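Peer 1: The sequence isn't on hand, but the structure is:
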């Protein structure tokens, strides 16, 4: 299933959960728009946890992907330096996990 299709289905399930398993067509477009906004606000508050792997120089993401910053100068290889705030895979805000001491 495409990501966009999956997100629409998740949003519909969220709306149904707020209205006893029904899609509230009887409430009209304004109520549906309000519920969609609430769904998107909830999604934006969720975080994608990223952990840096020093051995292989890439990030592991909680959405199951891997991300490497291999372009740029030595001074510009962090997420902050590259102004990366949201996961390019799931769209959630990135929460950078601290490195564990070895």
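Peer 2: Noted; the coordinates are in hand. This is a predicted model, so every value here is computed, not measured.
Peer 1: going forward, measure contacts between C-alpha atoms and count neighbours the same way
Peer 2: OK.
Peer 1: by contact count, what packs against the lengthiest helix in the chain?
Peer 2: In the chain, with assignment by DSSP state H, the single longest helix is helix 28-45. Applying 3 or more Cα pairs under 8 Å, 6 or more residues apart in numbering; DSSP states H and E, we find helix 28-45 packed against helix 3-18.
Peer 1: and the direction of the helix it packs on versus that of helix 28-45, what angle?
Peer 2: 110 degrees (axes from the mean of the first three to the mean of the last three Cα atoms, to 10 degrees).
Peer 1: picking that back up, pull the residues that contact whichever helix or strand comes after the longest helix of the chain.
Peer 2: Using DSSP states H and E, the helix or strand that directly follows helix 28-45 along the chain is strand 47-53. Contact with strand 47-53 is made by 58-63, 87, 90, 92-99, as judged by Cα atoms under 8 Å, 6 or more residues apart in numbering.
Peer 1: Farthest-apart pair in those residues, please.
Peer 2: Using Cα to Cα, the contacts of strand 47-53 span at most 22.5 Å, a distance reached by 90 and 99.
Peer 1: the more surrounded of the two?
Peer 2: Neighbours were counted for residue 90 and for residue 99 using other Cα atoms under 10 Å; residue 90 has more, 16 against 10.
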